[in-house]
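Undergrad: What shape does this take:
(one chain, ligands or ions: 1)
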Amino acid sequence: MKNSILKNINSYRKFVRNNNDWNKNGDYVVYWMQANRRIEYNYALEYAVAVANNLQKPLLIYEVLNVDYPWVCERFHHFILEGIKEHHLYFTNNSIKGVRYLPYIELEKGHAEGLIYTLAANACGIISDEFPVSKIRKYNDRVGNKVTVPYITIDSNGIIPLGVSEKDPYSAYLFRKVMQKYIVEALKYPPAKEPLVNLKNWGQCTLPTNFKERYAFDENLLNNLDTLLDSLPINHTIKKVEKVGTRESALEIMNHFVEFKLARYEEDRNHPDRQGGSGLSPWLHFGKISSYEIVDKVLSKQPLGWNIEELEPNGGKNSGFFRGHSYVESFLDELITWREVGFQFAHHRPDYDQFDSLPDWAKKTMNEHDQDPREYVYSLEELAESQTHDQIWNAAQTELRTQGVMHNYLRMLWGKKIIEWTGSHIKALEVLIELNNRYALDGCDPNSYSGIFWCLGRFDRAWQEREIFGKLRYMSSQSTSKKIKLKHYLNIYGS
Ligand SMILES: Cc1cc2nc3c(=O)[nH]c(=O)nc-3n(C[C@H](O)[C@H](O)[C@H](O)COP(=O)(O)OP(=O)(O)OC[C@H]3O[C@@H](n4cnc5c(N)ncnc54)[C@H](O)[C@@H]3O)c2cc1C
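TA: So this is what the prediction gives:
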């Protein structure tokens, strides 16, 4: 079984970034935890453990938090820091032999610069995360080109490995076909629950001698996150929210959802008053939880006698494939098809965040309607502060600004209205990206761009032509208010 897992990783999840040979004289193997910030159900960590055992070297798990990433602010930093603190406590309280956990919080811009190269100098090789957004893609390209040891990235993002598809999927329907073809096999090779259990003790992991003087970080600072946060050169106007960025919290939310909300997912998910979604997207985004464990838990709710081996591709239709309960099917269609179509798209298209990546029909129709008169035009800051004439839109934006999340159904309406109120389609795209990524805890994700670009035609088809939208799908607040229950929601966020 172990060999099979590695075979599966090698075939579809492993991205070799250079042709360097393992440095057998190195002191340790590095796992640089960039995107999937968890030590369970993590293929990249599992691979790093296998390499460490193979080379008979200790493992160094390095987790850094920089202050120079786009939209850096108190809200995101606090969430990530809670996860780092959880790891720090775990490794302090459980002295696991043969591994060293190295957290590093950048206290000033540029402080962490060069750190990975200092570690690389004494390393046998580096394993990190494959994650298809430009920030991490750039790090991976740069480091892979510069180090003289192997630099390998592993995809631990979803159920269907990024390596199975050859090009960007045009629609969710086409990707669903791919999903239906591979899922049974993919689920046969789940990531190990506790990869560190397999790590043998190859001795202590010693850091390079010049490390401490160049990169001193007092780990005691993690004991008081508020004080640490206050001292950092980040945007303090986007405040932290009550969501706790730990794996423990992710598991609690998943368990609660599967036990108490899953069976009503289909009926409830579109109604803001019922809050029927899992709410897991921030934890999925920061890799605190694996989609494997969610799928596994959800499939355990299928009726007795349900058997995964009986699943047969059904031409990409979004119902009937998973058999069993329709609510299971409905949830898995979001978690697997809709979540992963965005990852696959961004993986194949480095321009995934550019207007030009939209389908031709969408660009043509927007071009034809770009100069249509707009009844309302709002500035970025008016929109940010929920100062429009539309009560539902303002409430959704207030939820996003104050809570760091927005109800799924309203997110679609929110995006569509921005197209109507910003003066041009290119401007609308800029504003959508800015507001989403400035406030949303799950922002800067491949799915941020799926959702935003869906509003502009990606993964969608042409609809009846109308002003401003052209053939893009249209949504109105009036019909939304008739379709969904949001009285209670408006009481909370509407004033
Ligand atoms: C304009 C716009 C912007 C969006 N921005 C983001 C974003 O920044 N980050 C983000 O993760 N999602 C984004 N989405 C997609 C979707 O709205 C969220 O994933 C969903 O609301 C998360 O809520 P949940 O965790 O309760 O989802 P659930 O309904 O519980 O679904 C479980 C998981 O499946 C995935 N998922 C569910 N619906 C979608 C969808 N429509 N598209 C892609 N994946 C989905 C998410 O990972 C989600 O956590 C956006 C959608 C739109 C229209």
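
Undergrad: what ranges do the strands span in the protein?
TA: 14-16, 28-32, 59-65, 99-105, 123-129, 151-154 (DSSP state E).

Undergrad: Pop the domain breakdown of this protein in here.
TA: In terms of domains, the chain is parsed into 2-159+218-230, 247-348, 355-493 (source: automatic domain parsing).

Undergrad: so how far does the second one reach from one end to the other?
TA: Right, the one you point to is domain 247-348. End-to-end distance for domain 247-348, by Cα to Cα, to the nearest Å: 30 Å.

Undergrad: tell me the mean pLDDT for it?
TA: Summarised as a single mean, pLDDT over domain 247-348 is 97.

Undergrad: One more: the last one?
TA: When pLDDT is averaged along domain 355-493, the result is 97.

Undergrad: Is there proximity between it and the ligand?
TA: Yes. Part of domain 355-493 sits near the ligand under the criterion Cβ under 6 Å from any ligand atom, namely 408, 411-412, 415, 436, 440, 442-443, 445, 447-448, 450-452, 454-455. For the C-beta atoms, the positions are set from N, CA and C on the backbone; glycine is no exception.

Undergrad: Serialize the strands of the chain to a markdown table and add fields for mean pLDDT, mean neighbour count and distance to residue 300.
TA: Converted to a markdown table, the strands of the chain look like this (pLDDT from 0 to 100; neighbours: other Cβ atoms under 10 Å; distance: least, Cβ to Cβ, whole Å):
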| stretch | mean pLDDT | mean neighbour count | distance to residue 300 |
| --- | --- | --- | --- |
| strand 14-16 | 96 | 16 | 29 |
| strand 28-32 | 98 | 28 | 30 |
| strand 59-65 | 98 | 21 | 30 |
| strand 99-105 | 97 | 21 | 31 |
| strand 123-129 | 98 | 26 | 28 |
| strand 151-154 | 98 | 26 | 27 |
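
Undergrad: ok, the residue nearest the centre of the chain to the ligand distance?
TA: Against the mean C-alpha coordinate of the chain, by Cα atoms, centre = their mean, the closest residue is residue 285 at 2.6 Å. Residue 285 is 6 Å from the ligand, where distance means Cβ to the nearest ligand atom, to the nearest Å.

Undergrad: swap in residue 54?
TA: Where the ligand is concerned, residue 54 sits at a distance of 34 Å (Cβ to the nearest ligand atom).

Undergrad: if I pick that residue, what's in contact with it?
TA: Residues in contact with residue 54 (Cβ atoms under 8 Å, 6 or more residues apart in numbering): none are found.

Undergrad: 10 Å instead, please
TA: 22, 29, 124 (Cβ atoms under 10 Å, 6 or more residues apart in numbering).

Undergrad: likewise residue 438?
TA: 70-71, 73, 75-76, 235, 237-238, 380, 384, 400-401.

Undergrad: try residue 332
TA: 159, 179, 183, 291, 294-295, 298-299, 321-322, 338-339.

Undergrad: Can you tell me which of those residues are classed as buried?
TA: Neighbour counting by 16 or more other Cβ atoms under 10 Å classes 159, 179, 183, 291, 294-295, 298, 321-322, 338-339 among the contacts of residue 332 as buried.

Undergrad: give me the subset of these touching the ligand.
TA: Within the buried ones among the contacts of residue 332, those near the ligand by Cβ under 6 Å from any ligand atom are 338-339.

Undergrad: Which ones among the buried ones among the contacts of residue 332 map onto helices?
TA: Counting by DSSP state H, the members of the buried ones among the contacts of residue 332 that fall within helices are 179, 183, 291, 294-295, 298, 339.

Undergrad: so which of those would you say is closest to the ligand?
TA: residue 339 (3.9 Å; Cβ to the nearest ligand atom).

Undergrad: for the nearest residue to the closest one once chain neighbours are set aside, what are its contacts?
TA: Nearest non-adjacent residue to residue 339, counting by Cβ to Cβ, 6 or more residues apart in numbering: residue 447, 6.0 Å away. Applying Cβ under 10 Å, 6+ apart, one finds that residue 447 lies in contact with 281, 284-285, 338-343, 345-346, 454.
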